[in-house]
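> build me a structure from this.
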Amino acid sequence: MDAAIAGFAIGTGFALVENIYYLMSQSHTALPVAVIRGFGTAIMHGGTAAVLAMISNTLYERRPSGGLYLLLPGFLAAVALHTGFNCLLVRPALATLATLLVLPFVIYLVFDHSERILRNWIEVDLESDVKLLESISAGTFLGSNSGRYLQALRDRFRGEELADMLCYLRVHGELAVRAKGVLLMREAGLPEPPIEAETRDRLTEFAHLERAIGKAGVLALRPLMMATGKEVWQLTLLRP
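Model prediction:
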């Protein structure tokens, strides 16, 4: 949703500047034609930029370590839509009508795909968070692959920093489970519970631990936390 809003805002902002330029450089154009063409151009630029942003954001969430090549599929989709619009510019009314029919459908398909990915992420990641908390509570975490990874960091971090990193993982898991619970309640149409004092205390503790382990510690824990944009965003659901 954020990607769609930002992309549409950027696209329509560009279209506004472009339409002003065309009105000043082609003052002989009939006003109805200019209005229809300008409206279609604004929708087209906003829609194509939104599609580019949504596709790129979806791919980034799946591969956070990916490079600029993740922008290529969204860019090609935007180019295809823009090219189709330009081919119809000889008939501005038809170009505008085609834009109003095609772009909402494309955006709907992208949103639907993104929603299915989000639902799958909630289900799979919720199970992962629960298992992490259970292993920490049972004292079996250090014997797991994640625990062995954390122990392998002994040469780079002090003992107290490793202890803070383990606490950071535990608190993050607790907050992540609560945040996903809020998302599930939203999807079911149930009223969200108020943010209780315990959750606020956990958020304060989480911020304190994050400062204690520093940026290097947070980066070292990324493989264990799957700290993508969704992971960061979900914690905002718990803030008042």
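> any stretches of this protein with poor pLDDT?
29, 33, 64-65, 89-90, 92, 114-130, 188, 192-193, 223, 225-240 (pLDDT under 70).
> walk me through the domains of it.
In terms of domains, the chain is parsed into 2-113, 139-236 (source: automatic domain parsing).
> let me have those in CSV, adding mean neighbour count and distance to Leu133 as columns.
Placement of C-beta: from N, CA and C, glycine included. Below are the domains of the chain laid out as CSV (neighbours: other CB atoms under 10 Å; distance: least, CB to CB, whole Å):
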stretch, mean neighbour count, distance to Leu133
domain 2-113, 16, 23
domain 139-236, 15, 5
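> quick one: the helices in this protein, in order.
Using DSSP state H, the helices assigned to the chain run over residues 2-25, 31-62, 71-87, 92-138, 145-151, 159-187, 197-225, 229-236.
> what's the spacing between the residue of the chain positioned farthest from its centre and Thr58?
In the chain, counting by CA atoms, centre = their mean, His28 sits farthest out from the average C-alpha position, at 44.5 Å. Between His28 and Thr58 the distance is 44 Å, computed by CB to CB, to the nearest Å.
> ok, now Thr48?
According to CB to CB, Thr48 and Thr58 sit 16 Å apart.
> Ile10 now?
Applying CB to CB, the value for Ile10 to Thr58 is 18 Å.
> who's in contact with Phe206?
The contact partners of Phe206, by CB atoms under 8 Å, 6 or more residues apart in numbering, come to Tyr168, Val171, His172, Leu175, Leu235.
> as CSV, those with distance to Met54 would be great.
Compiled in CSV, the contacts of Phe206 are given as follows (distance: CB to CB, whole Å):
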residue, distance to Met54
Tyr168, 32
Val171, 32
His172, 27
Leu175, 27
Leu235, 22
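> which one among the residues you listed gets closest to Val110?
Checking these against Val110 by CB to CB gives Leu235 as the nearest, at 25.1 Å.
> could I get the contacting residues of Leu213?
Not Leu; residue 213 is Ile. Going by CB under 8 Å, 6+ apart, Ile213 touches Phe157, Glu161, Asp164, Met165, Tyr168, Leu221.
> possible to save these as CSV with distance to Gly84?
Below are the contacts of Ile213 laid out as CSV (distance: CB to CB, whole Å):
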residue, distance to Gly84
Phe157, 54
Glu161, 55
Asp164, 55
Met165, 51
Tyr168, 49
Leu221, 45
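> list just the nearest of those to Leu109.
The nearest member of these to Leu109, counting by CB to CB, is Leu221 at 35.4 Å.
> contacting residues for the closest one?
So Leu221 contacts Met165, Tyr168, Leu169, Ile213, Ala227 (CB under 8 Å, 6+ apart).
> gap between it and Ile213?
Going from Leu221 to Ile213 by CB to CB gives 8 Å.
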